[in-house]
Structures are given as structure tokens and as C-alpha cells.
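In: predicted coordinates and the sequence they were generated for:
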Amino acid sequence: MSGGKKVRVAIIGVGNCASSLVQGVYFYRNAPDDGVIPGLMHPVLGGYHVRDIEFSAAFDIDANKVGKDLSEAIFTYPNNTIRFCDIPYMGIPVHRGMTHDGLGHYLRQIIRKAPGPTADIVRILKDTGTDVVVNFLPVGSEMATKWYVEQILEAGCGFVNGIPVFIAREPYWQRRFAERGLPVIGDDVKSQVGATIVHRVLTHLMRERGVRIDRTYQLNFGGNMDFFNMLERERLESKKISKTSAVTSLLDYELPPENIHVGPSDYVPWLQDRKWCYIRIEGTTFGEVPLNLELKLEVWDSPNSAGVVIDAIRCCKLALDRGLSGTLVGPSAYFMKSPPIQMPDDEARRAVEAFIAGTDTRTLTGKEL
């Protein structure tokens, strides 16, 4: 049972991922505490039910969203994910955030930047009693993410980094969070059953069964603003690193760069927030005989990540409750594509369950090297 405590959550970037997260918290607010609930890994996690998540603040730079209530902004164009839950008025205005490099070449064709100055992020986070901040900025928002991290550190909040800008895995930022006594989980959300987790499991299976992987690709395309933004190939570097390392980290040998391709491939508007993924693995098995595997996966991209983020938020709050600081090892390994310590997913799951139980308190504070 939940104990009546709340988790106050602020969102940076009110796009499709934010929409699915907000909808999910309302959708599952009456879920039973136990049993198998489709879509949830943990109805209750460390004493916190999904309904114990409360949204405290939201930040964006889109003129169509800034100033609107969060309940309206999550359904505002260009958001195009599936609507599976009606949201009541929340009384949470979307504040004007910082732009920096958050608005790329292609997004500028769709999104008009809101007028006016950047809101006082630190003051808002403090005044709203925010516990955990979730980063949903567009891929490639390196400067903007680091600027927000400074505000989060100053405000004294935990941080869940949902995008492939490397924060949680970097010793510098691990040290900064540890010095402030704050936890961080990152980087780049690994969806519930998405391209990365499926590719990882298949790679692990091949290795465990004695198959040598010779070549592999993972091609992804969709119709949301994430894929539109990633048409700007310069913004893709960290995403490709994140997705590629998530797969290759499970091999005990190196694949030549020309024999592996993992990453976003194209933007198809009519797919909306659906993502289609094609995976191919070519390997060598017993007697030097070839083995080929092909798979197609179709998902709604943003809901596929929301259940994972719900767990990451509650793990971050548990760390705050327990006085843990720096990068949380187990939760980062299980929930994220680019954690500081990569583990096979079965091992990462055991680590996160041990974290929830309080028996695995491993953190990285930037001083380990």
C-alpha cells in the first residue's frame, strides 16, 4: 500500500513523452496495489503508488504551449501521440523555458518560440516543492540540458534524464550531484518493449547460445517531432552512440564499425507517434554455418517509454528519502540506454529490485576512478 507520501514532479519539454506520462499517471491512479497490471512493472514501488506522483511544474518554449494549463498543453499540436485518458484541469501553467540549442533547424519550421524572458526555474522548482525533474527535451539539446541541470542542482531536486545527452554517466556530473546530496538516473530512456531492449535481448541470446554476431542493423522511423528533429543529422551523434553502445555492450568482442548500424532512419508524418523498427542480425553458428534473423516491431513510441519513466521517478524519490546521491547504478542500468555501468537486462532487473528493497545502494559519485 502507498503511505500517503507524494512525489512532486516537474517536466522539461511538454511533448509526446510528457503527454503519455501525464496520461499514464491519471490512467493508473486506481490500479490495484498488486497483481499483473498491463503496462506497469510496479503498481507500487517502494511504498509509492502511481497515483502518488503529482505534477508540480512544466517548462517549454513553444508559443502554442507556454501559458496553457499542462492538461491542455499535452494535447496541443505538434503533439500527436495516442490519447488514452482524459485529463482534468490541473492548475499547472507551462512556464517559458530556456531555448539554447533545444530548437533545431527542422523544429523551427514547426514551432514558434514563445515571447518573453525565461522563467525563474530555480524559484519555481523550490516554490512548488518539486522532488524530481524529468528531462524530455529534443535529441541534441546538449547546451539546454546542461543549463537546466545547473538550475536543478541549485533547486535541490533529483533528476531523471530521459534523453541522450550524457549526464548520469559522466564523472563530472556524478560529482556535482553527489556534492549536492542529490540523485540522478540516466541517460536516455530504454522503452518498455522498444527497439533497444529487443535488440539487446536478441544479442544476449546469440552470445549465450554460442552464436557469433557478424553484422547487425536496427532501422527506426516514425512520424513524431523526435524523428522530424533527427532529420538534422548533426543532432544524432549522441543518439547513435547511445543506441549502438546499448547493443554492443553485451558482446565480449568488437564488431567493425561498418558491420553495425543502429539509429533513427527517417521521418514518415502519417505514422504520427508510432515507431516502426526493423532489426537484422547475421551470425555464424555450429560448423561455420550462417544464421540470419529479421524482426519488425511496431509501437506507439511515447507510451512505450512512460511506464519506465514512472518507475524511474519513484526510484529517484526513494533515493532522496534514503539520502543517496550521485548516479543510481541499478535504476540507471535497467531504465536507460546509456547508463554508466551497462549490465545484461536480467542482471539490471535484479539490481533495480534490490535497490527498491534497499539492499543495493550503489551510486557513482565521480570519485571512483
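Out: Received, thanks. Numbering: from 1, shown residues only.

In: mind listing what's buried along the host helix or strand of residue 314?
Out: In the assignment (DSSP states H and E), residue 314 maps to helix 301-322. By neighbour count, with 16 or more other C-beta atoms under 10 Å as the criterion, the buried positions of helix 301-322 are 301-320. Heads up, the C-betas are built off the backbone N, CA and C, glycines and all.

In: gap between that helix and the chain center?
Out: 9 Å (C-alpha atoms, centre = their mean, to the nearest Å).

In: I'd like the average pLDDT over that helix.
Out: Mean per-residue pLDDT for helix 301-322: 97.

In: pairing partners for the helix or strand just after that helix, with directions?
Out: The first helix or strand that comes after helix 301-322 along the chain, using DSSP H and E, is strand 326-328. When pairing is defined by DSSP bridges, strand 326-328 lines up against strand 183-185 (parallel), strand 363-364 (antiparallel).

In: adding mean neighbour count and distance to residue 149, write these out as CSV.
Out: Below are the strands paired with strand 326-328 laid out as CSV (neighbours: other C-beta atoms under 10 Å; distance: least, C-beta to C-beta, whole Å):
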stretch, mean neighbour count, distance to residue 149
strand 183-185, 31, 9
strand 363-364, 23, 16
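
In: pLDDT weak spots in the protein?
Out: Scanning the chain for pLDDT under 70 picks out the ranges 1-4, 369.

In: repeat that for 80
Out: Residues of the chain meeting the criterion pLDDT under 80: 1-4, 102, 233-240, 368-369.

In: so which residues of it form helices?
Out: 16-27, 70-73, 121-127, 142-155, 171-180, 195-208, 225-229, 237-248, 301-322, 329-335, 345-357 (DSSP state H).

In: highest mean neighbour count out of these?
Out: Of the helices of the chain, the one with the most neighbours on average (mean count of other C-beta atoms under 10 Å) is helix 329-335, at a mean of 27.

In: helices or strands next to it in the packing?
Out: strand 183-185, helix 301-322, helix 345-357 (3 or more C-beta pairs under 8 Å, 6 or more residues apart in numbering; DSSP states H and E).

In: which stretch among the ones you listed comes nearest residue 143?
Out: strand 183-185 (18.3 Å; C-beta to C-beta).

In: what about the nearest residue to residue 91 once chain neighbours are set aside, how many residues close to it?
Out: Excluding the flanking residues, the one nearest residue 91 by C-beta to C-beta, 6 or more residues apart in numbering is residue 69, at 6.9 Å. For residue 69, the count of nearby residues is 16 (other C-beta atoms under 10 Å).

In: thought residue 92 was touching residue 69, still the case?
Out: Yes. With contacts counted by C-beta atoms under 8 Å, residue 69 reaches residue 92, the gap being 6.4 Å.

In: give the residues shared as contacts by these two.
Out: The contact sets of residue 69 and residue 92 do not overlap (C-beta atoms under 8 Å, 6 or more residues apart in numbering).

In: now the helix holding residue 314 - C-alpha only, PDB.
Out: These are the backbone C-alpha positions of helix 301-322, laid out as PDB (Å, rounded to 0.1, in the frame of the first residue of the first chain):
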ATOM      1  CA  ASP A 301       6.700   5.400 -29.200                       C
ATOM      2  CA  SER A 302       5.900   7.700 -26.200                       C
ATOM      3  CA  PRO A 303       3.500   5.400 -24.200                       C
ATOM      4  CA  ASN A 304       6.300   2.800 -24.600                       C
ATOM      5  CA  SER A 305       8.600   4.900 -22.500                       C
ATOM      6  CA  ALA A 306       6.100   6.300 -20.000                       C
ATOM      7  CA  GLY A 307       5.900   3.200 -17.800                       C
ATOM      8  CA  VAL A 308       9.700   3.100 -17.500                       C
ATOM      9  CA  VAL A 309       9.800   6.800 -16.500                       C
ATOM     10  CA  ILE A 310       7.100   6.300 -13.900                       C
ATOM     11  CA  ASP A 311       9.400   3.700 -12.200                       C
ATOM     12  CA  ALA A 312      12.500   5.900 -12.600                       C
ATOM     13  CA  ILE A 313      10.700   8.900 -11.000                       C
ATOM     14  CA  ARG A 314       9.800   6.800  -7.900                       C
ATOM     15  CA  CYS A 315      13.300   5.300  -7.700                       C
ATOM     16  CA  CYS A 316      14.700   8.800  -7.700                       C
ATOM     17  CA  LYS A 317      12.300   9.800  -4.900                       C
ATOM     18  CA  LEU A 318      13.300   6.700  -2.900                       C
ATOM     19  CA  ALA A 319      17.000   7.800  -3.300                       C
ATOM     20  CA  LEU A 320      16.000  11.200  -1.900                       C
ATOM     21  CA  ASP A 321      14.200   9.600   1.000                       C
ATOM     22  CA  ARG A 322      17.200   7.400   1.700                       C
END
